[in-house]
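Engineer: Everything below, folded, please.
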Amino acid sequence: MTGESRTMNMIQAINSAIDVAMGRDEKIVVLGEDVGYFGGVFKATEGLQKKYGKTRVFDTPISECGIIGVAVGMATYGLRPVPEIQFADYIYPALDQLVSEAARLRYRSAGEYTAPITVRTPFGGGIFGGQTHSQSPEGIFTHVAGLKTVIPSNPYDAKGLLIAAIEDNDPVIFFEPKRIYNGPFDGHYDRPVQPWSKFAESAVPDGHYTVPLGKARVVREGNDVTVLAYGTMVHVAHSVIQETGVDAELVDLRTLVPLDIETVVESVKKTGRCMVVHEATKTSGFGAELSALVQEHCFHWLEAPVQRVTGWDTPYPHSLEWAYFPGPVRLTEAFKRVMQD
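Structural biologist: All right, here's what the predicted structure looks like:
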């Protein structure tokens, strides 16, 4: 039963997802820096320790490797941990535990053990966070066999995808685009923020529901070009499509691994053109994989080279944030290139 719907921003939807999941399964535990009494730096776990107690929602030392290592141990003993890495920029010390242990546990034990771990972590820029609070490392994890990578773009999807991730029996990296926690971002940094309450995707059921992993969403149908995006860039792309008048089909991937390649191929075969948008650096970013897949599956249907609009191959700059961020100017130029070829 999903229950009544009410307006939520993305933080509230994430909190509701964890609450619903914990209420249904006592094996689910939440751990991380400041997730307990304080409720998380973004308040995504607010109230959960008071409701479920200190043995199920608890604070950890500042040790990302330790947080994930403990989660792997918990998983092997039958728990379903939901660790938080406070910012994705700090997930790198946990890579060994994620890559060498969590991702390979099912394989190396011949299915005797699994790692039902859901790692939540805010990522992305647009908040003047500089190089240590703005990175988009999702491409690193999509390269690792055994990990699933999920990125919601709105409150409804955030709750449904997170519950699906928590209920999944394999490890999931759940990236939360923090720029759109409180409302969608159209890429125009000089405009006031629009709250989620003004948008239909903020209507979130109170109860249990899931959005299946591996299923993309066509945000806008079109005939001239396919735009593949996820997270914050879904909204930036949608705004530019409206402003330029391009008849673009916008696909929100939702999950990078598993990827809904069927929806991607169907769209590109219809439009004959493709543009990929993400905040992460260009070289070896997930856009490169998407470009290769489109080329492999849609070569005879393509009317122009695949365009990529991404972050630059530099550390994320603080003073030049909007030169780095793939905003409306760069997307508009890419639309002109892909439509002219």
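Engineer: Kindly list the longest helix within the chain.
Structural biologist: helix 10-24 (DSSP state H).
Engineer: what's it packed up against?
Structural biologist: strand 28-32, helix 48-52, helix 155-167, strand 203-205 (3 or more CB pairs under 8 Å, 6 or more residues apart in numbering; DSSP states H and E). Yep, even glycine has a C-beta here, placed from its N, CA and C like the rest.
Engineer: Serialize the ones you listed to CSV and add fields for distance to Gly214.
Structural biologist: Formatted as CSV, these follow (distance: least, CB to CB, whole Å):
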stretch, distance to Gly214
strand 28-32, 22
helix 48-52, 28
helix 155-167, 10
strand 203-205, 21
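Engineer: Compare these and report which one is nearest to Ala71.
Structural biologist: Nearest of the helices and strands packed on helix 10-24 to Ala71, taken as CB to CB: strand 28-32 at 6.9 Å.
Engineer: residue boundaries of the strands in the stretch 101-250 of the chain?
Structural biologist: 118-123, 148-150, 172-177, 203-205, 217-220, 225-229, 248-252 (DSSP state E, counting those that start in this stretch).
Engineer: Identify the residues contacting stretch 317-333?
Structural biologist: 125-126, 128-131, 134, 186-189, 233, 236-237, 239-240, 243-244, 275, 277-279, 309-312, 314, 316 (CB atoms under 8 Å, 6 or more residues apart in numbering).
Engineer: Buried by neighbour count, from these: which ones?
Structural biologist: Among the contacts of stretch 317-333, those classed as buried by 16 or more other CB atoms under 10 Å are 125-126, 129-130, 134, 186-187, 233, 236-237, 239-240, 275, 277-279, 309-311, 316.
Engineer: coming back round to it: out of the strands of the stretch 101-250 of the chain, nearest to Ala304?
Structural biologist: So among the strands of the stretch 101-250 of the chain, strand 225-229 is nearest, using CB to CB, at 8.5 Å.
Engineer: Any chance you could list what contacts that closest one?
Structural biologist: Outside strand 225-229, the residues that reach it (CB under 8 Å, 6+ apart) are 236-237, 241, 246-253, 264, 267-268, 270-271, 273-278, 287, 290, 335, 338-339.
Engineer: Next, the buried residues of it.
Structural biologist: Here strand 225-229 shows Val225, Thr226, Val227, Leu228, Ala229 as buried, counting by 16+ other CB under 10 Å.
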